[in-house]
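Q: What follows is a predicted protein model with its sequence.
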Amino acid sequence: MLFNSLEYLIFLPVVLILFFITTHRFRWVILLVASYYFYMSWNPTYLGLILFSTLIDYIAGRKIASSQKAFTRKAFLVLSLTVNLGLLFFYKYFNFVSSEVIKVSHLLGYNTGSYIHQFILPVGISFYTFQTMSYTIDVYNGKTKPEKHLGVFAVFVSFFPQLVAGPIERAGHLIHQLRENKVIYFRNFQFGLIRILWGLLKKVVIADRLAIMVNTVYNSPDNFAGWQLIFATIFFAFQIYCDFSGYSDIAIGTARLFGVRLMENFRTPYLSHSIGEFWHRWHISLSTWFRDYLYIPLGGSRVVKWRWYYNLFITFVISGFWHGANWTFLMWGAIHGGILVGENMLKQNKLNLQHFPTFFKPVKVFWIFCLACFAWIFFRANSITDAFTIIKNMTNFSQPLADNLRGQILYLGQPLWRFAGSIFLIVSLISLEVLINKKKISEIHLIKQKTFIRWSIYCLLVTIILMFGVFELDEFIYFQF
């Protein structure tokens with residue numbers, strides 16, 4: 001498995017010290033060795049996949065840029081896409097496709113053998129393959145120049161802060177930062193450490209605490225009903241948000257310690273007024289990737305209306321499938337795609353929800369959150385059957401919440417005080433994000449505060465993490481994608 005929190009807090013200072021005592025010319029070596037060691041701590045065998053993908057895309061980028069022949073340029077682009085998508089398909093989707101083909105064959109009366117392989121899904125493969133594919137596509141389209149230094153390019157592919165769960169960076173944004181001469185800048189350490197602490201708090205204090213209750217319910221959906229399932233679904237919405245955005249905060253903060261600025265991946269998504277806005281705020285690096293490399297090449301909105309709706313829908317279906325080889329993820333993507341198509345149809349018919357009065361905005365936010373929670377049911381459910389069981393049992397209020405509050409909460413795997421504590425954490429998070437969103441507060445505002453205020457906040461965050469953190473769950477949800 002990858003480092004746990006304690007191991008990472010030992011690994012990171014060692015890498016930082018080596019990085020800053022090494023001359024600028026060889027700092028890429030420190031980052032590359034650290035990144036490979038970081039990945040090898042999970043499974044040394046699969047480091048070969050990153051090396052192979054790195055070499056293929058490095059060669060493809062150089063050949064695409066140097067060749068004057070359209071056929072050669074296209075051939076190396078196809079080579080890069082085939083290798084990356086081929087690895088992704090084999091390790092992530094082969095078993096799913098094989099099992100579905102076998103099921104269909106049996107229905108048709110054919111007795112086919114099993115073609116299931118036992119390989120473990122390489123952690124982060126969906127992220128680094130998309131990152132390297134964007135590089136070759138951008139080189140082919142002339143949007144970025146090919147990287148001549150193999151070592152620097154290898155760091156771009158495997159940069160450890162964002163290797164296993166993003167943000168999915170673009171070559172034009174990241175590679176030049178890896179080449180720059182970095183100096184010890186105290187502001188970077190201030191910014192980086194506060195982001196890491198904030199990410200850890202969201203992960204171990206909120207997400208992992210909610211996970212206990214969510215797992216209890218969603219792993220046995222037949223045993224729960226009504227408010228239990230509603231609470232578990234709402235908790236999952238905040239669990240996955242705090243888990244994934246917490247990782248992004250840690251990645252952004254860690255990179256900043258090295259003087260590298262990664263793109264923001266989340267911007268208060270549950271305050272959105274539409275599903276379209278939600279996807280401008282949620283997993284931004286992935287949504288912009290699909291926009292630039294799938295939706296726009298399909299024609300985007302510059303086509304006839306029915307084709308535009310098709311482009312939107314198919315982009316979200318594929319985005320759902322990117323998350324995992326299961327019908328539940330396809331359904332999740334299709335739900336978001338369908339809602340987004342519906343929103344755009346309303347806009348075309350002059351029924352834009354954005355035109356409602358200001359007092360209606362909280363209602364819109366609540367409505368969009370409910371739609372997102374409905375879609376999360378399919379994302380979290382272990383199967384399509386479980387998802388529909390959950391939806392059906394949600395309407396079963398034979399034992400109202402007010403009649404037996406304590407009993408129902410205990411069935412979620414936590415005593416009442418812990419359940420109430422989780423509610424308090426969620427409300428506190430929402431309140432803080434509303435304040436941040438309204439006042440446009442950022443880490444810069446904290447850094448500019450007086451020393452006493454800053455260190456009081458730092459100590460408070462550390463204390464909350466140590467006292468209320470759940471440290472048994474070391475992995476992030478998006479590591480499985």
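A: Ah, there it is.
Q: what's the burial count for residue 184?
A: When neighbours are defined as other C-beta atoms under 10 Å, residue 184 has 10 of them. Quick note: C-beta positions are derived from backbone N, CA and C, even for glycine.
Q: residues making contact with the helix or strand residue 460 falls within?
A: Taking DSSP states H and E as the definition, residue 460 sits inside helix 451-468. Residues from elsewhere that reach helix 451-468, judged by C-beta atoms under 8 Å, 6 or more residues apart in numbering: 193-194, 197-198, 200-201, 204-205, 209, 421, 446-447, 449.
Q: Extract the C-alpha set from that helix and format it as PDB.
A: The C-alpha coordinates for helix 451-468 follow below in PDB (Å, rounded to 0.1, in the frame of the first residue of the first chain):
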ATOM      1  CA  THR A 451       1.700  35.900  13.900                       C
ATOM      2  CA  PHE A 452      -0.400  35.200  17.000                       C
ATOM      3  CA  ILE A 453      -3.600  34.700  15.000                       C
ATOM      4  CA  ARG A 454      -1.900  32.500  12.300                       C
ATOM      5  CA  TRP A 455      -0.200  30.200  14.800                       C
ATOM      6  CA  SER A 456      -3.400  29.900  16.900                       C
ATOM      7  CA  ILE A 457      -5.200  28.700  13.800                       C
ATOM      8  CA  TYR A 458      -2.300  26.300  12.900                       C
ATOM      9  CA  CYS A 459      -2.300  24.800  16.400                       C
ATOM     10  CA  LEU A 460      -6.100  24.500  16.400                       C
ATOM     11  CA  LEU A 461      -6.000  22.600  13.100                       C
ATOM     12  CA  VAL A 462      -3.300  20.200  14.400                       C
ATOM     13  CA  THR A 463      -5.200  19.700  17.600                       C
ATOM     14  CA  ILE A 464      -8.400  18.900  15.800                       C
ATOM     15  CA  ILE A 465      -6.700  16.400  13.500                       C
ATOM     16  CA  LEU A 466      -4.900  14.600  16.300                       C
ATOM     17  CA  MET A 467      -7.900  14.500  18.700                       C
ATOM     18  CA  PHE A 468     -10.700  13.700  16.300                       C
END
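Q: Using CSV, lay out the contacts of helix 451-468 together with neighbour count and secondary structure.
A: Shown next, in CSV, are the contacts of helix 451-468 (neighbours: other C-beta atoms under 10 Å; DSSP: H, G, I helix; E, B strand; the rest coil):
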residue, neighbour count, secondary structure
193, 17, helix
194, 20, helix
197, 20, helix
198, 20, helix
200, 23, helix
201, 23, helix
204, 24, helix
205, 24, helix
209, 22, helix
421, 15, helix
446, 16, helix
447, 13, helix
449, 12, coil
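Q: what two of these have the greatest distance between them?
A: 421 and 447 (29.7 Å; C-beta to C-beta).
Q: give me the low-pLDDT residue ranges for the stretch 51-200 of the chain?
A: By pLDDT under 70, the weakly predicted segments of the stretch 51-200 of the chain are 106, 111-118.
Q: Please, where are all the helices along it?
A: Here the stretch 51-200 of the chain has its helices, by DSSP state H, counting those that start in this stretch, at 70-88, 94-107, 125-140, 150-158, 171-179, 186-200.
Q: Please identify the most buried of those.
A: Highest mean neighbour count of the helices of the stretch 51-200 of the chain: helix 125-140, a mean of 24 (counted as mean count of other C-beta atoms under 10 Å).
Q: chain center to that one, what's the gap?
A: How far helix 125-140 lies from its chain's middle: 16 Å, per C-alpha atoms, centre = their mean, to the nearest Å.
Q: How about stretch 83-91?
A: The answer for stretch 83-91 is 20 Å, by C-alpha atoms, centre = their mean.
Q: returning to what we had before: list just the nearest of the contacts of helix 451-468 to residue 292.
A: residue 198 (28.8 Å).
Q: Let me know whether that closest one touches residue 249 as I believe.
A: Yes - under the criterion of C-beta atoms under 8 Å, residue 198 makes contact with residue 249 at 5.3 Å.
Q: Apart from its neighbours in sequence, what residue is nearest residue 93?
A: residue 325 (4.8 Å; C-beta to C-beta, 6 or more residues apart in numbering).
Q: Report the secondary structure state of that neighbour.
A: What DSSP: H, G, I helix; E, B strand; the rest coil gives for residue 325 is coil.
Q: show me the contacts for it.
A: Residues near residue 325 by C-beta under 8 Å, 6+ apart: 92, 93, 95, 96, 97.
Q: Please report how far residue 51 lies from residue 475.
A: Distance, residue 51 to residue 475, using C-beta to C-beta, to the nearest Å: 24 Å.
Q: likewise residue 239?
A: Distance of residue 239 to residue 475, given as C-beta to C-beta: 13 Å.
Q: who has more neighbours, those two?
A: Neighbour comparison, residue 239 and residue 475: the larger count goes to residue 239, with 27 against 16 (by other C-beta under 10 Å).
Q: Please identify the helix or strand for that one.
A: helix 227-257.
Q: got the angle for that helix vs helix 171-179?
A: Angle of helix 227-257 versus helix 171-179, following axes from the mean of the first three to the mean of the last three C-alpha atoms, to 10 degrees, is 50 degrees.
Q: So which bits of helix 227-257 are buried?
A: Across helix 227-257, burial judged by 16 or more other C-beta atoms under 10 Å covers 227-257.
Q: again, but for stretch 26-41
A: For stretch 26-41, burial by neighbour count (16+ other C-beta under 10 Å) applies to 27, 28, 30, 31, 32, 34, 35, 36, 38, 39.
Q: ok, now which ones touch the fourth one?
A: So that's residue 31. Contacts for residue 31 (C-beta under 8 Å, 6+ apart) come out as 15, 19, 155, 159, 160, 178, 258.
Q: Over to the second one?
A: For residue 28, the residues meeting the contact criterion (C-beta under 8 Å, 6+ apart) are 149, 151, 152, 155, 178.
Q: for the last one, same thing?
A: Residues near residue 39 by C-beta under 8 Å, 6+ apart: 46, 47, 50, 123, 124, 158, 160, 163, 164.
Q: mind giving me the domain split of the protein?
A: What automatic domain parsing lists as the domains of the chain is 5-184, 188-480.
Q: Report how many residues lie close to the nearest residue to residue 154 once chain neighbours are set aside.
A: Using C-beta to C-beta, 6+ apart and skipping the chain neighbours, the partner closest in space to residue 154 is residue 54 (5.0 Å). Number of residues near residue 54 (other C-beta under 10 Å) recorded here: 19.
Q: Thanks a lot, see you next time.
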